[in-house]
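Enquirer: no sequence for this one, just the structure:
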């Protein structure tokens, strides 16, 4: 029997993220963001000096937390199922689609100067006008893509 549920409820996860944000602002006057941490890891691997090496630990903590949650849930659940999308598309179409989506998300995060967590959580809480524009843009894009997928699949997605 797993010790953790499939997901933490929003009323637990949301306040925890908010508390992390408050701690980071008050202790280091820094924001959290996954894409910035990813870039810091790449710089670390290339041996480039940086004043923000803590982001490497943050990124490693994401993986350590995922491993701990997996262990507490009774081990990994391996498989090729990707939810409703994998039932609507064959694997030969699903893999390139997910790869392309990942590339577009990475490109968008670099172009926007941050990812959804960086802009949506940290940037908007800091009242950054650019983060409000970025957050509105990716939310609008998500609504449009969802509507298109719903229309194209006849409501299956």
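Expert: Good, I have the coordinates. Since the model is a prediction, treat every value here as computed from it, not as a measurement.

Enquirer: give me phi/psi at residue 82?
Expert: As for residue 82, its main-chain torsions (degrees, to the nearest 10) stand at phi -120, psi 40.

Enquirer: who's in contact with the closest residue to it other than its chain neighbours?
Expert: Excluding its sequence neighbours, the residue lying closest to residue 82 (CB to CB, 6 or more residues apart in numbering) is residue 94, at 6.3 Å. Any C-beta I mention is one placed from the backbone N, CA and C, and that applies to glycine too. Counting by CB atoms under 8 Å, 6 or more residues apart in numbering, residue 94 makes contact with 82, 85, 86.

Enquirer: out of the helices and strands in this protein, which is least certain?
Expert: Lowest by mean pLDDT, DSSP states H and E among the helices and strands of the chain is helix 84-88, with a mean of 82.

Enquirer: contacts for that helix, please.
Expert: Under CB under 8 Å, 6+ apart, the answer for helix 84-88 is 80, 94, 153, 156, 157.

Enquirer: go with 10 Å
Expert: 79-82, 93-94, 97-98, 149, 152-154, 156-157 (CB atoms under 10 Å, 6 or more residues apart in numbering).

Enquirer: returning to that earlier point: name the element the residue nearest to residue 82 belongs to?
Expert: Counting by DSSP states H and E, the element that carries residue 94 is helix 91-112.

Enquirer: show me what the next helix or strand after that helix is packed against.
Expert: As assigned by DSSP H and E, the chain's next helix or strand after helix 91-112 is helix 116. Packed against helix 116 by the contact rule (3 or more CB pairs under 10 Å, 6 or more residues apart in numbering; DSSP states H and E) you find helix 91-112, helix 129-152.

Enquirer: out of those helices, the one nearest residue 31 is which?
Expert: helix 129-152 (9.5 Å; CB to CB).

Enquirer: which strands or helices does the closest one pack on?
Expert: Using 3+ CB pairs under 10 Å, 6+ apart, helix 129-152 sits against helix 84-88, helix 91-112, helix 116, helix 124-125.
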